[in-house]
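1. Just to be clear, the model below is a prediction. Sequence and coordinates:
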Protein chains: 6
Amino acid sequence: MRVVISIGGSILAPELDSDRVAAHAEAIESLAGEGCEIGIVVGGGGVARDYITTARELDANEVQLDQLGIDVTRINARLLISALDVQVNSAPATDYDGAGDALQRGDISVMGGITPGQTTDAVAAAFAEYIDADLLVYATNTDGVYDADPATDPEAIKYTTMSPSELVDIIVPMSRDAGASAPVDILAAKLIERSGMRSIVLDGSDPENIESAILRGDHTGTDIIP
Amino acid sequence: MRVVISIGGSILAPELDSDRVAAHAEAIESLAGEGCEIGIVVGGGGVARDYITTARELDANEVQLDQLGIDVTRINARLLISALDVQVNSAPATDYDGAGDALQRGDISVMGGITPGQTTDAVAAAFAEYIDADLLVYATNTDGVYDADPATDPEAIKYTTMSPSELVDIIVPMSRDAGASAPVDILAAKLIERSGMRSIVLDGSDPENIESAILRGDHTGTDIIP
Amino acid sequence: MRVVISIGGSILAPELDSDRVAAHAEAIESLAGEGCEIGIVVGGGGVARDYITTARELDANEVQLDQLGIDVTRINARLLISALDVQVNSAPATDYDGAGDALQRGDISVMGGITPGQTTDAVAAAFAEYIDADLLVYATNTDGVYDADPATDPEAIKYTTMSPSELVDIIVPMSRDAGASAPVDILAAKLIERSGMRSIVLDGSDPENIESAILRGDHTGTDIIP
Amino acid sequence: MRVVISIGGSILAPELDSDRVAAHAEAIESLAGEGCEIGIVVGGGGVARDYITTARELDANEVQLDQLGIDVTRINARLLISALDVQVNSAPATDYDGAGDALQRGDISVMGGITPGQTTDAVAAAFAEYIDADLLVYATNTDGVYDADPATDPEAIKYTTMSPSELVDIIVPMSRDAGASAPVDILAAKLIERSGMRSIVLDGSDPENIESAILRGDHTGTDIIP
Amino acid sequence: MRVVISIGGSILAPELDSDRVAAHAEAIESLAGEGCEIGIVVGGGGVARDYITTARELDANEVQLDQLGIDVTRINARLLISALDVQVNSAPATDYDGAGDALQRGDISVMGGITPGQTTDAVAAAFAEYIDADLLVYATNTDGVYDADPATDPEAIKYTTMSPSELVDIIVPMSRDAGASAPVDILAAKLIERSGMRSIVLDGSDPENIESAILRGDHTGTDIIP
Amino acid sequence: MRVVISIGGSILAPELDSDRVAAHAEAIESLAGEGCEIGIVVGGGGVARDYITTARELDANEVQLDQLGIDVTRINARLLISALDVQVNSAPATDYDGAGDALQRGDISVMGGITPGQTTDAVAAAFAEYIDADLLVYATNTDGVYDADPATDPEAIKYTTMSPSELVDIIVPMSRDAGASAPVDILAAKLIERSGMRSIVLDGSDPENIESAILRGDHTGTDIIP
């Protein structure tokens, strides 16, 4: 099975904590031991947020802020690489060709962001397209896709399954509301739709959720089924 | 004045035609002669469409199709570079840092796409953000932003001016409709919104439109005013 | 068997046609299935010719024209890569070290041109030298090496076999005559001579000719035997 | 005057603080306004320390730890770049040739580390050698070179002036004692010695110290005079 | 005046000798002082020959031999760069775009070889084409173009002037004779012909010959006049 | 067993000699045949010394001298690569990530220097750290570590075994004395100490010494045992 896992920064590194990284590394090693070919895209987390806040106070422009965030995602990728005891690319890939080559030579392929204006959510979806993945997993800090923001709307209902088009329909209006935290960004949703990529959005705070979702289809998040 | 011009592939190279490229080169030289610092982002046009159609028949995945399109935009950028008789970067930049460096050393900076999943519309908006441009111009094959698709809806009304938020509000539903031809893509619109970038969408088939819009604010398209 | 195949642009992509590319991909997959290690160098074809014609009208210099041609060969290489269902490098190599590394890790190695002033004919010969190939095949639009241009001289006689030195002796005067279409260029011929590389020049319009020449030595072109 | 300033991580970013970065940016802009050609090498600070601690707990090897530290120095360099309102390289240089080219085209050249096993102290010394700098300034958290560690030895005496050879003589035994905090590392000291580079070690916590030392030779640190 | 000078390895570095390199550096500085824009392509000389001889004994293939030679030309370029007291690129360019960019930002642009299968003679011709040079000078160890090899044929007559086509006509048969030392290689001659590049072949052992030929048209070699 | 061998320039190439290179290649092939995973770092030797002497006479700065030396180490690495008849990286790696990737895909990984200010001794130690090598061998022109310079002090005593800390203690004062030839440089010694890397310093003039030390622990040099 070929799978791409997007591990949000708020999941891998809300703050730096070796136990948390180690737990994710173990889940990945376990998946590799079951024969999965694995691509990982890592987010920025607390350190990225700190740099962006500081740079914004210094009047950095939005592309410079994006670039700082990308650089942090790559450091987080290196951190995860250093924790993995299986064959993995030495340095995070900086484009899809490089990420694909790593996978082709038998490595787990860990990367961060690629270019300003493109979130790691979108990178994960494009990477999944590129390698014709069987499954794309978003390990986020919400436990699925809701019809409203569950943090503010107690009536919000979680989808158990939905189609890629329904995902885009849900995400589009959320992406108009600055306060809302869409589980994946609009570009990622549209990439999932164009490829008809089977995807799961789940709560990644416990890495075992990721593992059981991939190996046994067992999870409490949202299945996006083309 | 610092300006980024996005020249759509359908404008620069619907098919390869040296007169058309030369006319755009002259407009750019004229702008440079007036003291503008100029960044250009070039689209793919007819050749990109041909490669993508062919590759799709060969079962290429969406990222491979994007990559073919990007490669063609870079060739189109080289074609425009070869037509310019002013100081211009030798090779199209492949990231924002490189594009910004070219401008900083006094070159006109011509580039194509950067990475799969990001249109040249979005590249132009990010490039404008990155260099803190005064103005971003989309030279497209429609003459502004309409409230509906003018090709199919005779009642469609063109906006003379609108805010970046209104642009996003208009684009979002269009981006749900595969048949609609939004004048700029959703990611570009959102980048314009986040930076509050002054922008113009105009008919670029006559390069003089671009020139007069930039130099004299004189055009019949849509002004996006933050 | 280690083989380098030069697929001329007029063979792979006189115009863009997915059936033609698919047929070549099948022949290559079939060779790979027989255990061949395969390097492919792809030419520019009709798209390259169109860009070069347009740029020449825009007074591009000869190196810029070469560069446009090289960029198109790389897109053609990507097109062929996207059509191959066997292990192949993700992106065309841009130098011999990269092309050799791809082969070494078990990929089919597909590339286009490398640098201005060097045709893809010459790239194929140098690549064959670099990997110590057993055989170099030129799939061209003529069916071998003639003692004169068969298009204009009805008396032209095709060589069944010849030595590398004889090849150079034939090519040198042809390369003086702008109108003549030498089957391979002078630099390629001289590289074949310096390495004593076993080579075949054949009609590649039917990919089965390439396959049968490599697997069974069965072809109607010219054998160049050191 | 051509000057290289090494701004230690503990000076620029003990923790992320925009006021602190802004104050350093102002000092640099002020130096540029006085006609100085300026190279800056930035250290890692608190974020680097956090990543290294975390990775060490994950059993990363020493080179991986160095690499994480280097990546953070480059982010810090980007942060400082985004705060500078003068002509500066867009992205931190990753080798001496690139850093020198930036300076040659009139940019302030800001960089971080280069390669594992080489501290930013040493990078600053090599960069100063490379551009034949008139002066190399170490802005550190101690206010000069002492004959013992002032943090632990109340009798420690600060040198007002010393020769490069004396610097190496002082640093060598310090570098044997893991607890000691040498003001510059041994490799940097040896590079200063081999080039006979005029250098200053001073307390950089107030950026005005750096400015007055460079412009007026006015500081309370240690002058290293060849 | 824009000029490209090819300094053969046998001229710059038959063996390593600082006086010889210094004399060439002075001539180049003098040309720069007269307002020339200068590109330099440096050959391999004695060190290249030694490496190639050794590697051939180790059964290296021809492309590996070429690559060793190219690497030495780049070191020779660095040596010349280190001797120049005028604004010059920090590191030798590795492609034509990079070499052109160096010139565009006001540097003297010094480079060596680019890719296997292409001599520095050919690189110089392509570089001259690329920058639309007014003049291309080959500083070689023969004092012009002869109708036969002057080393072996006492009747050999030197051309005072000739056309690019005549140059190719002379070079082609020489390139068939392994023992002959053609003053420039066949690929270079053909590039000169295709661009109609004004060129001079002269004895470069005394750098003043180069200087006086470029500044005053005063030399005893061969003028190639389109 | 994973081993890194530092082959000093004075061992591999005091002057260019194919027999000497071939003998080292055979020893490496023999080690590979015994199942060793092998990283090689090659020094500069006579050619590096010649370039550095010449450039110093031309007033090159120390970083330029280092860069010339590094370029020569990479050519020496290519020379050794061309002599190896086992799977080896095509081109010398230029950073630790690249060197590690080569090893990971099953190649012998041959490299030279990386960056100015860092000797190939230090590169070898860092490479050994990076790949968690079991053993690091310095093949030098002295037969071990002495308590004084054996060339000048007839009483000098060779260590049979020592700890990494003792190595640093011995090297530090040697590194103060310009005339002394420390068997490894101070940075290398400190890297060995920080990682607790098992190392051997031995006379590498006969490659069989290297082979027998690695395969059978049989040598007459110094064992550095953490």
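-> Looks like it came in fine.
2. The helix or strand of chain A with the lowest mean pLDDT vs helix B:164-174, what angle?
-> Within chain A, no helix or strand scores below helix A:164-174, which has a mean of 90 by mean pLDDT, DSSP states H and E. Angle, helix A:164-174 to helix B:164-174, by axes from the mean of the first three to the mean of the last three C-alpha atoms, to 10 degrees: 160 degrees.
3. Which strands and helices lie in contact with helix A:164-174?
-> helix A:186-195, helix B:164-174 (3 or more C-beta pairs under 8 Å, 6 or more residues apart in numbering or on different chains; DSSP states H and E). Glycine gets a C-beta too; all of them are placed from N, C-alpha and C.
4. what about these, which gets the closest to D:T54?
-> For D:T54, the closest of the helices and strands packed on helix A:164-174 is helix A:186-195, at 27.9 Å, according to C-beta to C-beta.
5. for the helices and strands packed on helix A:164-174, which one ends up most surrounded?
-> Per-stretch averages of neighbours, counted by mean count of other C-beta atoms under 10 Å in any protein chain shown, single out helix A:186-195 among the helices and strands packed on helix A:164-174, with a mean of 25.
6. Residues of chain A that sit close to chain F?
-> For chain A, the contact set with chain F under C-beta under 8 Å from any C-beta of the partner chain comprises A:87, A:89-91, A:105, A:107.
7. What about chain C: which of these touch it?
-> Counting by C-beta under 8 Å from any C-beta, A:R105 from these sit close to chain C.
8. Using pLDDT, spot the least trustworthy of the residues of chain A next to chain F.
-> Within these, the minimum per-residue pLDDT falls on A:R105 (89).
9. and that residue, what are its phi and psi?
-> The phi/psi pair for A:R105 (degrees, to the nearest 10) reads phi -90, psi 10.
10. ok, now which ones touch it?
-> Shown in contact with A:R105 (C-beta atoms under 8 Å, 6 or more residues apart in numbering or on different chains): C:105, F:105.
11. now A:K158
-> With contact set as C-beta under 8 Å, 6+ apart, A:K158 has these partners: A:143-146, A:150, A:222.
12. What is the burial count for the closest residue to chain C within chain A?
-> Nearest to chain C in chain A, going by C-beta to the nearest C-beta, is A:D97, at a distance of 4.1 Å. Residues near A:D97, counting by other C-beta atoms under 10 Å in any protein chain shown, number 18.
13. Please, which helix or strand holds it?
-> Applying DSSP states H and E as the criterion places A:D97 in helix A:96-104.
14. what's next to stretch A:29-36, contact-wise?
-> Contacts to stretch A:29-36, defined as C-beta under 8 Å, 6+ apart, come from residues A:1-3, A:38, A:84-86, A:108, A:211, A:214-215.
15. try it again with 7 Å
-> Applying C-beta atoms under 7 Å, 6 or more residues apart in numbering or on different chains, the contact partners of stretch A:29-36 are A:1, A:3, A:38, A:84-86, A:108, A:211, A:214-215.
16. Stretch A:14-21 now?
-> Contact with stretch A:14-21 is made by A:12, A:45-46, A:79-80, A:83, D:50-51, D:54, D:57-58, as judged by C-beta under 7 Å, 6+ apart.
17. Narrow these to those that are buried.
-> Among the contacts of stretch A:14-21, those classed as buried by 16 or more other C-beta atoms under 10 Å in any protein chain shown are A:12, A:45-46, A:79-80, A:83, D:50-51, D:54, D:58.
18. Keep only those of the contacts of stretch A:29-36 that are in strands.
-> Residues of those located in strands (DSSP state E): A:3, A:38.
19. Could you pick out the buried ones from the contacts of stretch A:29-36?
-> Neighbour-count burial (16+ other C-beta under 10 Å) is assigned, among these, to A:3, A:38, A:84, A:108, A:211, A:214.
20. follow-up on the earlier one: tell me the one among the buried ones among the contacts of stretch A:14-21 nearest to chain E.
-> D:Y51 (31.1 Å).
21. wait, doesn't that closest one sit right on A:L79?
-> Yes: with contacts counted by C-beta atoms under 7 Å, D:Y51 reaches A:L79, the gap being 6.5 Å.
22. Contact partners for A:I171?
-> Contacts of A:I171 (C-beta under 7 Å, 6+ apart): A:182, A:184, A:186, A:189.
23. redo that, cut-off 10 Å
-> A:145, A:180, A:182-190, A:192-193 (C-beta atoms under 10 Å, 6 or more residues apart in numbering or on different chains).
24. for the residue lying closest to it once chain neighbours are set aside, what are its contacts?
-> Nearest in space to A:I171, with sequence neighbours left out and distances taken as C-beta to C-beta, 6 or more residues apart in numbering or on different chains, is A:A189 at 4.4 Å. Contacts for A:A189 (C-beta under 10 Å, 6+ apart) come out as A:121-122, A:125, A:145, A:164-172, A:174-175, A:182-183, A:199, A:224.
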